[in-house]
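Peer 1: Structure, please.
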Amino acid sequence: MTPLRAHLPRRGGSARAFAFDLDRTLVAVGRAPSRLARATIQEARGMGLSVVLVSGRAPSALIPFVAALGPLEAVVAENGAVIEAPWGGRRQVIGGGVAQQVRRRLEPISGLEVEYGEVVASGSWVDRRTIAGYLSGLDIHLVRNRDRLMVLPTGVTKASGLGLALRRLRIPDHSFAAIGDGENDIPMLRAAAVSGAVANAVPAVKAIVDYAAHEPFERGVQEFLQGPVARWVRSDSSGRRSTSRS
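Peer 2: Prediction:
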């Protein structure tokens, strides 16, 4: 196992929530959640943590995963642009107007393959500058997620969307642990009190987290949860008991 860096937690947040990426983190692409994946998420809830799924996928694509994983406190979809907290409650969409402008720019371009969500546009585009040129003047930024580029409204990240979800749940900033695998997870991981990467994460993610797991996918999530996150929860509980006695 990779040793935990520095002291826990990095940002002084209390142990309140567990945020996780889906594709290539909890599950391999194209796979349904395994029994271990489901048990790991329930284990997080058993620790008293609110569990939040944070994904680049559109909300409609997440429904079967949420159903398989069991109760979740919130879902952040489209890389932070669509928030449901609590899950099944009011949906908040960030930057829908910008998304319409992006679509109007990209749809007429012959041969350009684009996948559209409610807000996010994405594709397996190699030339970042060409895509940026098509969208010049719009209030957007480009985010790399392994072999894909995502077009998002300026300021929208997994960290910003998760922050909105946690505020709806009345959970203080930075009071969460998070794990991911791709470049688009980095803002969320930097904001976490305790951050982790699965073994199959890209090097840029492993370089900035507190803990890089030895195992990939759900086994790596379980390793992170049972190691650093469990220690964080125990430490926070001990600190609160000490404070209550003083």
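
Peer 1: Going by C-alpha atoms from here, please, whenever you check contacts or count neighbours.
Peer 2: Fine.

Peer 1: Tell me the secondary structure at residue 165.
Peer 2: Look at residue 165: counting by DSSP: H, G, I helix; E, B strand; the rest coil, its state is helix.

Peer 1: That one reaches residue 74, doesn't it?
Peer 2: Yes: here residue 165 reaches residue 74: they are 6.7 Å apart, a contact under CA atoms under 8 Å.

Peer 1: shared neighbours of the two, which are they?
Peer 2: Common contact partners of residue 165 and residue 74 (CA atoms under 8 Å, 6 or more residues apart in numbering): 83-86.

Peer 1: Out of the residues you listed, flag the one nearest to residue 65.
Peer 2: Proximity to residue 65 was ranked across the shared contacts of residue 165 and residue 74 by CA to CA; first place goes to residue 84, at 14.7 Å.

Peer 1: tell me the contacts of that closest one?
Peer 2: 74-76, 90-92, 165 are the contacts of residue 84 under CA under 8 Å, 6+ apart.

Peer 1: now do 7 Å
Peer 2: Neighbour list for residue 84: 74-76, 90-92 [criterion: CA atoms under 7 Å, 6 or more residues apart in numbering].

Peer 1: which of these count as buried?
Peer 2: 74-76 (16 or more other CA atoms under 10 Å).

Peer 1: Am I right that residue 144 falls within a strand?
Peer 2: Yes: looking at residue 144 with three-state DSSP, it is inside a strand.

Peer 1: surely it meets residue 152?
Peer 2: No: between residue 144 and residue 152 there is no contact under CA atoms under 7 Å: 10.8 Å.

Peer 1: Hmm, residue 205 is touching residue 182, no?
Peer 2: Yes: between residue 205 and residue 182 there is a contact at 6.4 Å, judged by CA under 7 Å.
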